[in-house]
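Build me a model:
(chains A and B)
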Amino acid sequence: MDNIAIGVEDLVVKRGHRRVLHKFSCTVPAGSVTGLLGPSGSGKTTLMRAIVGVQIVESGKVTVLGKPAGHKDLRREIGYLTQDPSVYADLTVRENTRYFAALYGLSAKTADAAIRDVGLADHANQLVGDLSGGQHSRASLACAIVSQPKVLVLDEPTVGQDPVLRDELWHRFRAFAESGMTLLVSSHVMDEANRCDRLLLIREGELIADDSPAAVKQRAGTDDLDQAFLNLIREIGAGVKS
Amino acid sequence: MTLFYTTARILRQLRHDRRTIALLVAVPSLLLTLLYFMFDNQQIFNHLALIMLGIFPFIVMFLITSIAMLRERTNGTLERLLTTPLRKTDLLFGYGLAFGVAAALQASIVSAVAYLFLGLDTAGNPGWVIAIAIANAVLGVALGLLASAFARTEFQAVQFMPVVALPQILLCGLFVARDQMVGWLQAISDVLPLTYSVEALQEVGRFADPTSTMWRDLAIVAGAVIVALIAAAGTLRRRTR
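Residues are numbered from 1 along each chain as shown, chains lettered A, B, ... in the order given. As a prediction, this is how the structure comes out:
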């Protein structure tokens, strides 16, 4: 049990009248990068919100680092990047990051390191509202990693980033995992899925694969992860109909 | 400490918004000047200006805060803040403090204009007028924070101004003296906090030294602030649908 950072058991979540997650169960090993993949509307963000503890859940159990999700002690241990950047547009990158650092009792120096980590050192004194879309979401990322959390939940962290920056960010995520951090990263981009230790493939609120990228490809009978993804989704879809 | 950092953060946001600062500082003074030229009679102006010194910060801070808090909700920073160790009350009292500082600046300038250029005269010390104006601003902040919980868009948020602020302004004794109102209107007026801050201002206008009525009124306003802030904290949910 020690090496499991996040455990989800029979999680049911309704949003409006729609059931988004149906008795969903999965685990995320500690110190790994786990990719969360699935078509849009499949429940990725809802699952992440449940793990962070901001989602009202119908039933089921979500455990993070041995504590129920949303537990007070976990507020210091979890970093969360929302899909839409959630930083103050009327503050500079530095002011934003320093504020979030200060909430954890961390110094301005730590904040500046986080800004460097996301490649925004040259824009630290710019207002977030004046940044490009990609820079804006990196400013948000800086505020998520600034607390050096044990568990980092990233909802589409690389959307709108150019290939060079994406590569740099993934190297950074890898380094975080090597230092013992657990990362859960949702993505649409398959070359990113290849960089994960494990993949959780989710479709209409149900887990359809939980394996290493290599095993997912093997099961789908193709070397191309994009194709593997499609194959698995269609295979399950066909199974449901028949 | 997170209260302090949150206050500083809100003030920094305000500092980057030069136009808002200019409006905050200039508009009440201009309106008061307008009022000055509307009435030839210095006594009527004295009476109205004193009440307006309390009403301006109340309205302005109510509007600013309800929009600021709504922005926290809609751009996701509120949800993010609630995943950090920040306490809900630290966030809300942070708003109260930060906009209280802004109100202190506003009240000092508009009072200076009123006393130095428009001939405002009170028996009591102008310092008390400024203090009550700040208390009123914080009351506006607290009610704005609470009201923003019931608004989902900016359109709705600004609509709460007439709902929450206007009845208080109508019934606070500005238009009709409270003792001339029919019983049930007076009863409503009795439970609206702005009534007491206006009464406190009138006490400062009439008497050289702080009266016990003024102290009681200030205590009532402070109590209303605390109640509204705690109620607002109750509307902040860490978990949402």
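
What residues does chain B have near chain A?
By Cβ under 8 Å from any Cβ of the partner chain, the residues of chain B that approach chain A are B:1-2, B:5-6, B:8-9, B:12-13, B:16-17, B:75-77, B:79-86, B:238-241. (Each C-beta comes from the backbone N, C-alpha and C, glycine too.)

which stretches of chain A form strands?
Along chain A, counting by DSSP state E, strands occupy A:4-15, A:18-29, A:33-37, A:59-64, A:67-68, A:78-81, A:151-155, A:182-187, A:198-203, A:206-211.

Neighbouring strands - and their directions - for the fourth one?
In other words, strand A:59-64. strand A:4-15 (antiparallel), strand A:67-68 (antiparallel) (DSSP bridges).

How about the contacts made by residue B:40?
Applying Cβ atoms under 8 Å, 6 or more residues apart in numbering or on different chains to residue B:40 gives no contacts.

Quick check: it vs residue B:87, distance?
Plainly put, residue B:40 is 53 Å away from residue B:87 if you go by Cβ to Cβ, to the nearest Å.

CA-only coordinates of the lowest-mean-pLDDT helix or strand in chain A, as PDB, when you get a sec.
Across the helices and strands of chain A, the lowest-confidence element by mean pLDDT, DSSP states H and E is helix A:225-241, at a mean of 75. What follows is the C-alpha trace of helix A:225-241 in PDB, where atoms were taken according to Å, rounded to 0.1, in the frame of the first residue of the first chain:
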ATOM      1  CA  LEU A 225      -0.400   4.900 -29.500                       C
ATOM      2  CA  ASP A 226      -2.800   7.100 -31.400                       C
ATOM      3  CA  GLN A 227      -4.100   4.100 -33.200                       C
ATOM      4  CA  ALA A 228      -4.000   1.900 -30.000                       C
ATOM      5  CA  PHE A 229      -6.200   4.500 -28.400                       C
ATOM      6  CA  LEU A 230      -8.800   4.500 -31.200                       C
ATOM      7  CA  ASN A 231      -8.700   0.700 -31.400                       C
ATOM      8  CA  LEU A 232      -9.400   0.300 -27.600                       C
ATOM      9  CA  ILE A 233     -12.200   2.900 -27.700                       C
ATOM     10  CA  ARG A 234     -13.800   1.200 -30.700                       C
ATOM     11  CA  GLU A 235     -13.400  -2.300 -29.200                       C
ATOM     12  CA  ILE A 236     -15.100  -1.300 -26.000                       C
ATOM     13  CA  GLY A 237     -17.700   0.700 -27.900                       C
ATOM     14  CA  ALA A 238     -18.500  -2.400 -30.100                       C
ATOM     15  CA  GLY A 239     -18.700  -4.500 -26.900                       C
ATOM     16  CA  VAL A 240     -21.200  -2.200 -25.400                       C
ATOM     17  CA  LYS A 241     -23.500  -2.300 -28.400                       C
END
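
now what about it, what contacts it?
Contacts for helix A:225-241 (Cβ under 8 Å, 6+ apart): A:37, A:39, A:190-191, A:193-194, A:201, A:203, A:208-209, A:213, A:216-217, A:219-222.

just stretch A:13-28 next, same as before
Residues contacting stretch A:13-28 (Cβ under 8 Å, 6+ apart): A:4-12, A:34, A:43, A:46-47, A:50, A:55-58, A:60, A:182, A:184, A:198, A:200, A:202, A:205-207, A:210, B:241.

Right, and chain A sits closest to which residue of chain B?
residue B:76 (3.2 Å; Cβ to the nearest Cβ).

Contacts only, for residue 145.
Answering for chain A, as no chain was given. A:79, A:114, A:117, A:118, A:152, A:176.

actually it's chain B I care about, not the one you picked
Counting by Cβ under 8 Å, 6+ apart, residue B:145 touches B:65, B:66, B:69, B:92, B:95, B:96, B:228, B:229, B:232.

how close does residue A:143 sit to chain B?
Distance from residue A:143 to chain B, counting by Cβ to the nearest Cβ, to the nearest Å: 8 Å.

Next up, the contacts around that residue.
For residue A:143, the contact set (Cβ under 8 Å, 6+ apart) comprises A:87, A:96, A:97, A:100, A:114, B:80.

And for the spatially closest residue to it that is not a sequence neighbour, the neighbour number?
Excluding its sequence neighbours, the residue lying closest to residue A:143 (Cβ to Cβ, 6 or more residues apart in numbering or on different chains) is residue A:100, at 4.2 Å. Here the number of neighbours of residue A:100 (other Cβ atoms under 10 Å in any protein chain shown) works out to 28.

can you pull the pLDDT of residue A:100?
Per-residue pLDDT puts residue A:100 at 97.

With adjacent residues omitted, what lies nearest to the residue in chain A that chain B sits nearest to?
Closest contact between chain A and chain B, by Cβ to the nearest Cβ, is at residue A:86 (3.2 Å). Among residues not flanking residue A:86 along the chain, residue B:76 sits closest, at 3.2 Å (Cβ to Cβ, 6+ apart).

swap in residue B:133?
residue B:107 (3.7 Å).
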